[in-house]
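[1] Below: sequence and its predicted model.
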Amino acid sequence: MVVTEELADELPAEMVEEAKARAATLLLAFRHGNQLAFDHELDLLFAERAEREVTTLLAWIAAEAVRKAYAPEVGDRVLRAMARRAPADTGAVAVDEESANAARLIEAVAAGEVGEVRGLVASTADTTFLLGGLLQGVAMMLPLLPEGELAEITAELRRRHGAAAHVPEARAGV
C-alpha cells in the first residue's frame, strides 16, 4: 500500500480536474488568438487567486508536450531557444488577422467547394479572425432573408444540435 502525503501548498486532488479545465481554456484562447477570452479567463483567475494552480498545470501541460514531441536531449534545447526569444510583453496573444480571408471562405461554402473550405481553414493560423469574419458576413446577409426564413433556419439548427445547444429566439427586425 502506497501512502501519499499532501503538501501544504499542493492542489487538493478533487480540484485538479477543475484546474486542468481552466488551464485548457486559457491555452485555447491563447492558441487561437482570442484576446478577449484570454483576458476574461485571466481576470477570473486573478480574482480567485488561482494563479499558482493554473501556472503549475500550464507548466505540466507544456512539459508533457515537449516530452512527447522531442527527444530528451532536443527538448531542453527547444525550451532554451524559446526562453531566449520570449517577448517582452507577454500579456497579448499572438494573432494573425491578415491570413484570415472570410470572403473567400463564404464564396467557397456557397460554391460547395469542400476542398477549398478545408484548405482555407487549415492554412489560417488564427481561425478566430476567420470565424469572426464569417459571422460578420452572415450578420450582413440576415436582413436579405425573406420573412420567416430566419426562424426556419434557427429551428433546423436546434433540431440538428439538440436541446443542449440553446439558441436564443430571433428578434423581430433583426
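    Okay, I see it.
[2] any idea of the pLDDT on Pro168?
    Looking at Pro168, its pLDDT reads 52.
[3] For Val117, give me its contacts.
    Each residue near Val117 by Cβ atoms under 8 Å, 6 or more residues apart in numbering is listed here: Leu105, Ala108, Val109. Where you see a C-beta, it was placed from the backbone N, CA and C, and this is true even at glycine.
[4] Mind checking what helix or strand follows the host helix or strand of it in sequence?
    Assessed by DSSP states H and E, Val117 sits inside helix 114-123. Next helix or strand after helix 114-123 toward the C-terminus (DSSP H and E): helix 127-141.
[5] Dump the contacts of Val117 to a markdown table, plus secondary structure.
    Below are the contacts of Val117 laid out as a markdown table (DSSP: H, G, I helix; E, B strand; the rest coil):
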| residue | secondary structure |
| --- | --- |
| Leu105 | helix |
| Ala108 | helix |
| Val109 | helix |
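[6] Strands of this structure, start to end?
    Along the chain, no segments are classed as strands by DSSP state E.
[7] in the chain, which residue is closest to the centre?
    Per Cα atoms, centre = their mean, the C-alpha nearest to the average position across the chain is that of Leu28, at 3.5 Å.
[8] Contacts only, for that one.
    Taking Cβ under 8 Å, 6+ apart as the test, what Leu28 contacts is Asn34, Ala37.
[9] related to what we said a few turns ago, narrow the contacts of Val117 to those that are buried.
    Buried by 16 or more other Cβ atoms under 10 Å: Leu105, Ala108, out of those.
[10] Could you list which residues are in contact with the closest residue to Gln136 other than its chain neighbours?
    Distances taken as Cβ to Cβ, 6 or more residues apart in numbering put Ala102 closest to Gln136, at 7.0 Å, once the chain neighbours are dropped. Contacts for Ala102 (Cβ under 8 Å, 6+ apart) come out as Phe129, Leu130, Gly132, Gly133, Leu134, Gln136, Gly137.
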